[in-house]
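Visitor: Attaching a predicted model along with its sequence, questions to come.
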Amino acid sequence: MPRKITREDLGWNEHFAQSFAPYASEGWKPARLLRDNKISYGCLVFDETDFDERDCILSGRVFHEAATDAELPAVGDWVALDVSGEDAVIRARLPRQTCFSRKAPGATSEEQVLVANVDVVIVITDPGSDYSLRRLERYFTLIQRSGARPVVVVNKADLFSKVECAKAASDIRELNPECCVHITSVLEGRGLKEVKSYLKKGITVALIGSSGVGKSAMVNELVGDEWQWVGDVNETTGKGRHTTTARELVLLPRGGILVDNPGIKEVQMWTDERTLREAFADIEDLASQCRFHDCKHGKDAGCALRTALAEGRLDAARLEGYVRLEDEIAELKRRQKKRQMTVERIHKREHKIKARNREDRLEIEHDLKPDRRRF
């Protein structure tokens, strides 16, 4: 018999309890979203004694009140679920504690939420073709903004020498001293104990990385040891096993919540200048020493960054990465401002049309009103 699953196992805490309190009187139930099926969601819904996995849909009010797609419920969100009818309906999304997101791929200024309420984000890479400190800088910047804890796994250690693996891990630790770095080999079972140590009761862990770095094998190893199957049915949820084609939250009976994400091709920035400066504090300190406060770090006289480059105190690739991220954030802000101006123009035009239609309607009603004057 599998052990009884509680709300706390799924990440429920005092923050969500207080946020849900106003909805309890409506008879709605707290639920956490497991997957996004495009036209519906999968969730775990709780009552006082048990829980159930079921599909649910989004209410029109929640949809229309969301200013952007990022405000709509996403995998990992806690919601207030109305189960009184034939269909379970999401009536509200509870405020998030953390939110790991990026700029949506393509020429857009929209935010794409990858997973909500995540505690640890594990980036999987390898010491070979996927290895890039510049890409990891982007991941670190996004994770820092999310509020989650960063962890990097240097995988496929069986295909590379100990020197190559150690060098990669050392460079990553130097890039971000606050990040835990582990060297692993799924094939040999090396380093997996350290990775599994993050899977604790109530802790949500998201695994991300490029395609081809062994992320799927890592997920299978982590889930396979914990997930209890009887034939094709899961004892914990009573549901059949299926192939994951999109991000999905997996509850592990022995503790921990794992979010599997599809391979990430683009790590586009969704952050702000403050987070960027915190992620590149060393460069910011140097830049503050420039002779001019608006130094472009090009041919400007008295540029402290160029001096540091010439003296070998600053890595050229890291500076280039910083400049590119800064340019991306500036471009994102420009697109957001343009989009806001477009939305405001549309709203003003709609308001004028409504006002004009109302005037026309009143005029017609006045013309059709019987003349009650006495002659």
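Guide: Looks like it arrived, so ask away.

Visitor: which residue ranges form the helices in the chain?
Guide: Counting by DSSP state H, the chain has helices at residues 14-24, 60-65, 133-146, 162-175, 192-196, 215-226, 273-279, 281-287, 304-310, 316-368.

Visitor: of all those, which has the lowest average per-residue confidence?
Guide: Between the helices of the chain, the lowest average pLDDT goes to helix 273-279, which shows a mean of 59.

Visitor: Could you chop the chain up by domain?
Guide: 8-93, 99-260, 272-369 (automatic domain parsing).

Visitor: Let me have those domains in TSV, extended by mean neighbour count.
Guide: No exception for glycine: its C-beta is placed from N, CA and C like everyone else's. Below are the domains of the chain laid out as TSV (neighbours: other CB atoms under 10 Å):
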stretch	mean neighbour count
domain 8-93	17
domain 99-260	18
domain 272-369	13
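
Visitor: What residues does the residue most central in space within the chain make contact with?
Guide: Taking CA atoms, centre = their mean, the centroid of the chain lies closest to residue 100, which sits 2.5 Å from it. The neighbours of residue 100, taking CB atoms under 8 Å, 6 or more residues apart in numbering as the test, are 113-116, 118, 121, 142-143, 146, 148, 206.

Visitor: Give me the neighbour count for residue 4.
Guide: 9 (other CB atoms under 10 Å).

Visitor: Just the pLDDT for it.
Guide: Here, the pLDDT recorded for residue 4 equals 71.

Visitor: Over to residue 375?
Guide: 44.

Visitor: ok, now residue 249?
Guide: pLDDT at residue 249 comes out at 87.

Visitor: Now do residue 82 against residue 23, distance only.
Guide: 9 Å (CB to CB, to the nearest Å).

Visitor: okay, and the common contacts of those two?
Guide: Taking CB under 8 Å, 6+ apart as the contact rule, residue 82 and residue 23 both touch residue 91.

Visitor: if we can go back for a sec, give me the subset of the contacts of residue 100 that lies in strands.
Guide: 113-116, 121, 206 (DSSP state E).

Visitor: which of those sit farthest apart?
Guide: Farthest-apart pair in the ones in strands among the contacts of residue 100 is 113 and 121; separation 13.2 Å (CB to CB).

Visitor: what sits against the closest residue to residue 113 other than its chain neighbours?
Guide: Leaving aside its sequence neighbours, residue 113 sits nearest to residue 74 (CB to CB, 6 or more residues apart in numbering; 4.1 Å). Residue 74 sits next to 33, 36, 113-116 when contact means CB under 8 Å, 6+ apart.

Visitor: Let's have the residues you listed in CSV, adding distance to residue 300.
Guide: Formatted as CSV, these follow (distance: CB to CB, whole Å):
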residue, distance to residue 300
33, 50
36, 48
113, 39
114, 38
115, 42
116, 43
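
Visitor: farthest pair in those?
Guide: 33 and 114 (13.0 Å).

Visitor: rewinding a little: name the nearest of the contacts of residue 100 relative to residue 43.
Guide: Relative to residue 43, and with distances defined as CB to CB, the nearest of the contacts of residue 100 is residue 116, at 12.7 Å.
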